[in-house]
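Asks: need a structure here:
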Amino acid sequence: MKTLSIFSSIIILIFIMQPVMAQPGSLDESFGNAGIVITPYSSSNEFGQQVAVQTDNKIVLAGHVETNNIRDFAVVRYNTDGSMDNSFGNGGLVIFDGGTDADMAAAMIIQDDGKILIGGSVSHPSTTWDDYAMARFNADGTPDNTFGTGGLVTTDINGEWDNAFDMAIQDDGKILLAGEAYTGGKRNVGIVRYNSDGSCDCSFGSGGFAILSIGSIIDRTRAIALQADGKILAGGWMNDGLDDQLFLTRFNSDGSTDNTFGNNGIATLDIGAKDDKCWDIKVLTDGKILVGGQSGTSGNFNYLLVRYLPDGTLDDTFGSNGIAVTNVGNSDYVSEMFIQADGKILTAGSAFTFELIRFLETGYPDPGFGNNGVVNTSIGSGSSYSQTLCMQADGKIIVAGFSKDGTDRDFSLARYHSEAGGYIDEQSTIFDHINVYPNPVLSANNINLEYTLKEDEVLSIELLSINGKLLEVLSEKQNSKAGPHKESYKLPGHLSAGIYFMRLTSSQGSAVVRLEVL
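Replies: Residues are numbered from 1 along each chain as shown. As a prediction, this is how the structure comes out:
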């Protein structure tokens, strides 16, 4: 009987601990229906393109709906459990008619004031051509009438096809919209800058436009990113008549081409006789540039990650000479990336399922996540496509896009667990031991940091958000002797509940420790 009692206690303890010990990459069954949310709208097709989390932890998904070949902008908001937020729009959903039959949203940013900005394209009212477009909504889903006309801004660059696919907001509130501008008989890189009210910032480029031709046949721009110095990166692919070549280009803050980058402002990549494409760009904390996309031939594409040095040359410490190609299925592509505070790379992509992959900082799949770094989730009765991802304050990962159910496509989301507990970045070799406690801790309380150095070092200690944003420098360039150390720091009182990171940086690398604030 004693043996049975001990065995039963162990089983009960394991059962109780299951939520805490959830495998990184497993579905969070507290979200929606066993970790999955599918949102149909009438008998139309719904395409989710960009997901983000508000400061109150509500989840916003932007895209468009299509009914009888007519497309309208759409924004849907969910509560943290995956249920529709009835305080937003009409039962959680906003449908916005841009005044044409082809309104397509490709990007979204939640502003610091809580307003929701979406970017994409609309068809020109008097032609079959497309124009750049943005719409802005108040926090309750109503159009922001202080932005453009009735919340809508459209831009015709040169009287022909103009399609925007990504956007960014500068520190001064100005908005950048990037995509393709048809000028000179072909599609070119096109960036437009707006003031915060949606009016054209005509001080940028030529009359508000920065246009750049790279390939002789076509340039497809899909991504934009801002550097800390205000310079602007844009990426996609170009074609000179053979295969598609990935490109990354950089502009100065005034819209002129930055000729110090790559070859006269342009870095191109051609991996053999394949098509190589950029779909997303992230600027890393050390100034290096990470590009995500795909490489291969029709029907046989692989995941592609490329890391560049700040001058546009390949970083040979990443992958194989700066390039990491990962084969999972036959139609793989990195649609969006998220950089964890420890440098690991999360990617959303598609192999006709929701596909989530985590890579090590070196560019190789993380064996501690999912199945050797890969998580595949089938959603709906047909194919599903993961277009976007983000991370909540508690570290859970949201992947979103759309799935096919019968003849219709529906907004779709899935939520996954990430790590539990603290960890040291595996790239760090200077630390023998590191620990932070109490963990979890209350905001504004003291936190104790213990670490052991293998040799004398100069350390900086910083507090980061879950997105890797620097919140506070706790200690800067302190001389630390080899051996054990114990230090105490007071956390800021304004921290909301969630996951944070403490980063210890030396001349030999960084260590990152996870911290939970209650």
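
Asks: At which residues are the helices of the chain located?
Replies: 2-17 (DSSP state H).

Asks: Output the longest strand belonging to it.
Replies: Scanning the chain for the longest strand, with DSSP state E as the assignment, gives strand 470-480.

Asks: buried stuff in that one?
Replies: Using 16 or more other CB atoms under 10 Å as the test for burial, strand 470-480 gives 474, 480. (C-beta placed from N, C-alpha, C; glycine too.)

Asks: how many other residues sit next to residue 65?
Replies: Each residue near residue 65 was counted by other CB atoms under 10 Å, and the total is 22.

Asks: residue contacts, it?
Replies: By CB atoms under 8 Å, 6 or more residues apart in numbering, the residues touching residue 65 are 41, 44-47, 71-72, 74, 95.

Asks: out of those residues, who's nearest residue 451?
Replies: Relative to residue 451, the closest of the contacts of residue 65 is residue 47; by CB to CB it sits at 47.6 Å.

Asks: now residue 220, which residues is it bridged with?
Replies: Counting by DSSP bridges, residue 220 is bridged to residue 237.

Asks: Let's see the pLDDT reported for it.
Replies: Residue 220 carries a pLDDT value of 97.

Asks: How about residue 112?
Replies: 93.

Asks: what does residue 132 give?
Replies: On the pLDDT scale, residue 132 gets 96.

Asks: And for residue 465?
Replies: 86.

Asks: Adjust the sequence numbering to begin at 8 for everything that follows.
Replies: Yep, numbering from 8; the last one is residue 472 now.

Asks: For burial, what's the neighbour tally of it?
Replies: Neighbours around residue 472, by other CB under 10 Å: 16.

Asks: quick one: average confidence on stretch 256-265?
Replies: 98.

Asks: Identify the residues contacting that stretch?
Replies: Residues outside stretch 256-265 that contact it (CB under 8 Å, 6+ apart): 196, 198, 200, 210-213, 216-217, 219, 221, 234, 236-242, 268-269, 271-274, 319.

Asks: Which of those fall in strands?
Replies: Of the contacts of stretch 256-265, the ones assigned to strands by DSSP E are 196, 198, 200, 216-217, 219, 239-242, 273-274.

Asks: ok, so of these, who is nearest residue 155?
Replies: Nearest to residue 155 among the ones in strands among the contacts of stretch 256-265 is residue 200, at 14.5 Å by CB to CB.

Asks: Averaged over its residues, which helix or strand of the protein has the lowest pLDDT?
Replies: Between all helices and strands in the chain, the lowest mean by mean pLDDT, DSSP states H and E belongs to helix 9-24, at a mean of 33.

Asks: Surely residue 161 and residue 137 touch.
Replies: No: look at residue 161 against residue 137 with CB atoms under 8 Å: they stay out of range, at 9.6 Å.

Asks: re earlier: need the contacts of residue 72 in JSON lines (columns: distance to residue 185 and neighbour count).
Replies: Shown next, in JSON lines, are these (distance: CB to CB, whole Å; neighbours: other CB atoms under 10 Å):
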{"residue": "48", "distance to residue 185": "28", "neighbour count": "17"}
{"residue": "51", "distance to residue 185": "28", "neighbour count": "20"}
{"residue": "52", "distance to residue 185": "26", "neighbour count": "18"}
{"residue": "53", "distance to residue 185": "25", "neighbour count": "25"}
{"residue": "54", "distance to residue 185": "20", "neighbour count": "22"}
{"residue": "78", "distance to residue 185": "21", "neighbour count": "25"}
{"residue": "79", "distance to residue 185": "23", "neighbour count": "22"}
{"residue": "81", "distance to residue 185": "21", "neighbour count": "27"}
{"residue": "102", "distance to residue 185": "25", "neighbour count": "18"}
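
Asks: Name the nearest of those relative to residue 416.
Replies: Nearest to residue 416 among the contacts of residue 72 is residue 52, at 4.3 Å by CB to CB.

Asks: For that closest one, which residues are in contact?
Replies: Going by CB under 8 Å, 6+ apart, residue 52 touches 72-74, 409, 415-416.

Asks: how about a cut-off of 10 Å?
Replies: 71-74, 76, 78, 409, 411, 414-417 (CB atoms under 10 Å, 6 or more residues apart in numbering).

Asks: same thing with residue 392?
Replies: 54-55, 338, 342, 355-362, 386, 407-411, 416, 419.

Asks: Please name the bridge partners of it.
Replies: Here residue 392, judged by DSSP bridges, has bridge partners residue 409.

Asks: For residue 287, which non-adjacent residue is spatially closest?
Replies: The shortest distance from residue 287 to any non-neighbouring residue, by CB to CB, 6 or more residues apart in numbering, is to residue 299 (4.4 Å).

Asks: coming back round to it: so which of the contacts of residue 392 belong to strands?
Replies: Counted as lying in strands by DSSP E, out of these, are 54-55, 342, 355-357, 361-362, 407-411, 416, 419.

Asks: in the stretch 108-257 of the chain, which spans are strands?
Replies: For the stretch 108-257 of the chain, applying DSSP state E, counting those that start in this stretch gives strands covering 111-117, 123-130, 137-144, 159-162, 169-176, 182-190, 193-201, 216-219, 225-233, 239-246, 251-258.

Asks: Mind putting these into a markdown table with distance to residue 424 and mean neighbour count?
Replies: Listed next are the strands of the stretch 108-257 of the chain as a markdown table, based on distance: least, CB to CB, whole Å; neighbours: other CB atoms under 10 Å:
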| stretch | distance to residue 424 | mean neighbour count |
| --- | --- | --- |
| strand 111-117 | 24 | 22 |
| strand 123-130 | 27 | 26 |
| strand 137-144 | 31 | 26 |
| strand 159-162 | 39 | 22 |
| strand 169-176 | 29 | 24 |
| strand 182-190 | 34 | 25 |
| strand 193-201 | 38 | 24 |
| strand 216-219 | 42 | 21 |
| strand 225-233 | 28 | 22 |
| strand 239-246 | 31 | 25 |
| strand 251-258 | 33 | 24 |
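
Asks: returning to what we had before: and for residue 161 and residue 137, which residues touch both?
Replies: Residues touching both residue 161 and residue 137 (CB under 10 Å, 6+ apart): 107, 110, 128-131, 169.

Asks: Could you single out the nearest of those residues to residue 87?
Replies: Ranked by distance to residue 87 (CB to CB), those are led by residue 110 at 29.0 Å.
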